[in-house]
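In: sequence and computational prediction follow.
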Amino acid sequence: MSGFSPAFERLGAAYAAIAAQQQEALADFLPAADWSADLAIGTYTQGDVTLRVALLGSFAEENRSWLWGWANPQFGPEHPAVVNPSAIGARLAVPELTAPELDLAWYDGPARSAGDVVAMAATGLLGSPGTIPGRYDGGVAYFAIRDPGAPRAPWDSITAARMITSGLTLFPADHRLTVTRFFSHHRLPYRETEASITATLPDGGSCTAEFDDDRFVSLSTGLTAH
């Protein structure tokens, strides 16, 4: 059973597939190399790639807790080195976004840690093109990307089903919401029925998500005849 609030679970469901696609694009973009971060100037460097970032939060492995960057005593809520979703969290009534620290010891899910899950939902809400986990002795720091040069994954009919499924693995609260937000993110108009959601693709084709009792079952694409 999830230890997250229903509001956070719904937030995660809304951005699950989007975040899964962005994280895969980011992994392909960054070289396999050592990393460093300079929060004084807000940069993250990995190999020959440097991106503008801000500290989102950190996950402590010993007690399995999450500390928001804005609550870190080294920075504070107004520090330019951090990104602060607490105001949005208060407006949306998502308690995980307003509490300075989260006890995540309960988590026993498919992600490496609950830190990954918190970061995915938060960066999706903030419109960031992804989050970079930086391992340090005793935990993981999560850097939210603020750089227009970071990749923005386009619609891809071949990988869409996998992105939706990957997202639902972490946030299964609302399958229909995950699919509709994924279509909306890619600016695909869609129509809903009791058993399906069908989006119109830029080439005039269609992409249909099938559901069984509001649970995602499959995704199929119909191409326009030429």
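Out: Sure thing, it's come through.
In: wait, what's in contact with residue 22?
Out: Residues counted as contacts of residue 22 (Cβ atoms under 8 Å, 6 or more residues apart in numbering) are 123, 129-130, 151-153. C-beta: built from backbone N, CA, C; applies to glycine.
In: tell me which helix or strand it sits in.
Out: Element membership for residue 22, per DSSP states H and E: helix 6-29.
In: mind listing what's buried in whichever helix or strand comes after that helix?
Out: The first helix or strand that comes after helix 6-29 along the chain, using DSSP H and E, is strand 35-38. By neighbour count with 16 or more other Cβ atoms under 10 Å, strand 35-38 contains the buried residues 35, 37.
In: so how far is strand 35-38 from its chain's centroid?
Out: How far strand 35-38 lies from its chain's middle: 21 Å, per Cα atoms, centre = their mean, to the nearest Å.
In: counting contacts, what elements does the helix or strand just after that strand pack onto?
Out: For strand 35-38, the following helix or strand on the C-terminal side (DSSP H and E) is strand 43-46. Judged by 3 or more Cβ pairs under 8 Å, 6 or more residues apart in numbering; DSSP states H and E, strand 43-46 is in contact with strand 35-38, strand 49-60, strand 131-136.
In: mind putting the contacts of residue 22 in CSV, pLDDT included?
Out: Below are the contacts of residue 22 laid out as CSV (pLDDT from 0 to 100):
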residue, pLDDT
123, 91
129, 92
130, 92
151, 94
152, 94
153, 95
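In: which of those fall within strands?
Out: Taking DSSP state E, every one of the contacts of residue 22 sits outside strands.
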